[in-house]
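Enquirer: sharing a model that was predicted from the sequence below.
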Amino acid sequence: MAALYYVSVPHTKAVLVAPRSGYIYNHDIFEMHGILEHTLSPPGPASSTGGQMLRRRRVRLRIRIRLWPAMGQISMALLPTVVLIALLIFGGYSAFSQGSTGTVVQAPLFTAIDLHPRGFLRSWASSVSGGQQVGYGWGPTTKDQPALLWHGSAASVLDLTGGFSSAQAIATSGEEQVGWGSGPSTVGENHALLWRGSATSVVDLNPSGSVQSSAFGVSEGQQVGSGDILLANGGRGVHALLWHGTAASVVDLHPRGFLTSVAKGISGGLQVGWGLVPPTNHSHALLWRGSAASVVDLNPRGFGESWAYGVSDGQEVGSGWRNTGPGRNCAHALLWRGSAASGVDLNPQSGFECSVAVATSGEWQVGSGSGPGRVDHALLWHGSAASVVDLHAFLPPDLYKYESHAFGIDSNGDIVGEAWPIGSDGPHAILWVRAK
């Protein structure tokens, strides 16, 4: 089935490209400065302190449609209006609902926008909500790593770092953004931070007595993350935390019987993350409803470990390692609806060996996958493995021949993440705008 689409995008460069198959994939999905806290290969969770990057790798693509000649690096010059024409051919990307009911969901169309700020070396977009995107970058300023806020274009970028030496913005919802920062005021340790659209609005959420903390999710005036907590025995432990806008409002979500815990996502009074279970020290995906006592262990039957990253409208997403069979040597993306028994394996049925889902809109899920050839691609699902859409296909093929990852999706269906342009020194923050 083919269709001709005309897309006008003011003040930016963008492109639509047809979904296609036949890539050589990269096997590794990486720990991305706190966005992903385990690797897909080798098995087992990686340290949560790192920022392990992918190695760049040139690959060959089988491309049916070519929109323009090779242009090298993307120019950041603003265009008054860019009109794009793409012939879109869907070959195997129509999504069927879970349970093989036969209901067809047409694969959505996207316009890919490079959010990379002028002069920066690297940038990442980690969350999107209502026309706002947040992330971080490495730039030409004296700041080691600035937290960034965009409103749909590279030129709209705003530095949230303020008086901190470095910072990362990880999540956004409504008028609030969260992440962490460090500097002289924190004695070089990371402190969980809350912003409301500007550097001067920053609120330090680090709880009293904690040396360091991080915020990973925000929704309806509540924030989640983790921090080191002084224990009754005089030691310290990493605990999942919930805030209501101030450091003093902190709630310890750490469940009884777990060694450590982290809260990664929040929505509608629900929080998700994971905890380490003794004596194996394996991770189990966890779901909370505002208190430590409310915890639900989401680890599905047949999985030795699992992690939950995102939640929205009764859906939770993450990844897990199977005990035996397919998926034993790498992670599979998972979808839950409130219980371990509800777990759905989203790992694509062909073309990908490993995958992770990191965010959900309540209907669609996003993340990344890798295949036999070891190149990672941003992915989109609609509730089942068979529904997968390769988001890398919507990037200009002459400009982006390396890996990509999706980290966030909002209720409009817009997606953020990163992709490696040809000839660049690192990834660029990318916004996939869903065609309305």
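Expert: Happy to help now that I have it.

Enquirer: what strand or helix carries the residue lying farthest from the centre of the chain?
Expert: No residue in the chain sits farther from the centre than residue 233, which is 36.1 Å out by Cα atoms, centre = their mean. Using DSSP states H and E, residue 233 sits within no helix or strand.

Enquirer: ok, now the one 4 residues further on?
Expert: Secondary structure assigned from DSSP H and E places residue 237 in strand 236-243.

Enquirer: so what strands line up beside that strand?
Expert: According to DSSP bridges, strand 236-243 forms sheet pairs with strand 222-230 (antiparallel), strand 251-252 (antiparallel).

Enquirer: columns mean pLDDT and mean neighbour count on top of the ones you listed, output as a markdown table?
Expert: Using the backbone N, CA and C atoms, a C-beta is placed for each residue, glycine as well. Formatted as a markdown table, the strands paired with strand 236-243 follow (pLDDT from 0 to 100; neighbours: other Cβ atoms under 10 Å):
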| stretch | mean pLDDT | mean neighbour count |
| --- | --- | --- |
| strand 222-230 | 94 | 24 |
| strand 251-252 | 96 | 16 |
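
Enquirer: let me have those strands in JSON lines, extended by distance to residue 123.
Expert: What follows is those, written out as JSON lines (distance: least, Cβ to Cβ, whole Å):
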{"stretch": "strand 222-230", "distance to residue 123": "22"}
{"stretch": "strand 251-252", "distance to residue 123": "33"}
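
Enquirer: and of these, who's closest to residue 283?
Expert: Closest to residue 283 of the strands paired with strand 236-243, according to Cβ to Cβ: strand 222-230, at 13.2 Å.

Enquirer: what distance separates the closest one from the centre of its chain?
Expert: In this view, strand 222-230 has its centroid 20 Å away from the chain centroid, taken as Cα atoms, centre = their mean, to the nearest Å.

Enquirer: ok, then the element right after whichever strand or helix holds residue 333?
Expert: If you go by DSSP H and E, residue 333 is part of strand 332-336. Scanning forward in sequence from strand 332-336 by DSSP H and E, the next helix or strand is strand 344-345.

Enquirer: need the residues that contact the helix or strand following that following strand.
Expert: For strand 344-345, the succeeding helix or strand toward the C-terminus, using DSSP H and E, is strand 354-360. By Cβ atoms under 8 Å, 6 or more residues apart in numbering, the list of residues contacting strand 354-360 from outside reads 27, 29, 35-36, 40-41, 127, 265, 309-313, 315-319, 327, 330-335, 346-348, 365-370, 379, 381, 406-409.

Enquirer: check contacts around residue 134.
Expert: 125-128, 147-150, 160, 169-172, 177, 179 are the contacts of residue 134 under Cβ under 8 Å, 6+ apart.

Enquirer: now do residue 195, the pLDDT please.
Expert: Residue 195 carries a pLDDT score of 98 in this model.

Enquirer: spatially, what comes nearest to it if we skip its sequence neighbours?
Expert: If you skip the residues right next to it in sequence, residue 195 has residue 177 as its closest partner in space, 4.4 Å away by Cβ to Cβ, 6 or more residues apart in numbering.

Enquirer: how many neighbouring residues does the one you found have?
Expert: Counted with other Cβ atoms under 10 Å, the neighbours of residue 177 add up to 30.

Enquirer: how about residue 335?
Expert: 21.

Enquirer: that one contacts residue 315, correct?
Expert: Yes. Counting by Cβ atoms under 8 Å, residue 315 is a contact partner of residue 335 at 6.4 Å.

Enquirer: point to the helix or strand of this protein where mean pLDDT is at its lowest.
Expert: strand 95-96 (a mean of 24; mean pLDDT, DSSP states H and E).

Enquirer: hang on, the earlier thing: which of the contacts of residue 134 fall within strands?
Expert: 125-128, 147-150, 169-172, 177, 179 (DSSP state E).

Enquirer: output the residues you listed in a markdown table; the columns should cover distance to residue 225.
Expert: Output for the ones in strands among the contacts of residue 134, formatted as a markdown table (distance: Cβ to Cβ, whole Å):
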| residue | distance to residue 225 |
| --- | --- |
| 125 | 19 |
| 126 | 13 |
| 127 | 13 |
| 128 | 19 |
| 147 | 15 |
| 148 | 19 |
| 149 | 18 |
| 150 | 22 |
| 169 | 13 |
| 170 | 9 |
| 171 | 9 |
| 172 | 14 |
| 177 | 13 |
| 179 | 9 |
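
Enquirer: of the residues you listed, which is the nearest to residue 114?
Expert: Once Cβ to Cβ is applied, the member of the ones in strands among the contacts of residue 134 that ends up nearest residue 114 is residue 125, at 10.2 Å.

Enquirer: from residue 133, how far off is the closest one?
Expert: 5 Å (Cβ to Cβ, to the nearest Å).

Enquirer: identify the contacts common to those two.
Expert: Joint contacts of residue 125 and residue 133 (Cβ under 8 Å, 6+ apart) are 115, 150, 408, 416, 429, 431.

Enquirer: in contact with the first one, which residues?
Expert: The contact partners of residue 115, taken as Cβ under 8 Å, 6+ apart, are 123, 125, 133, 135, 150, 153-154, 157, 416, 428-431.
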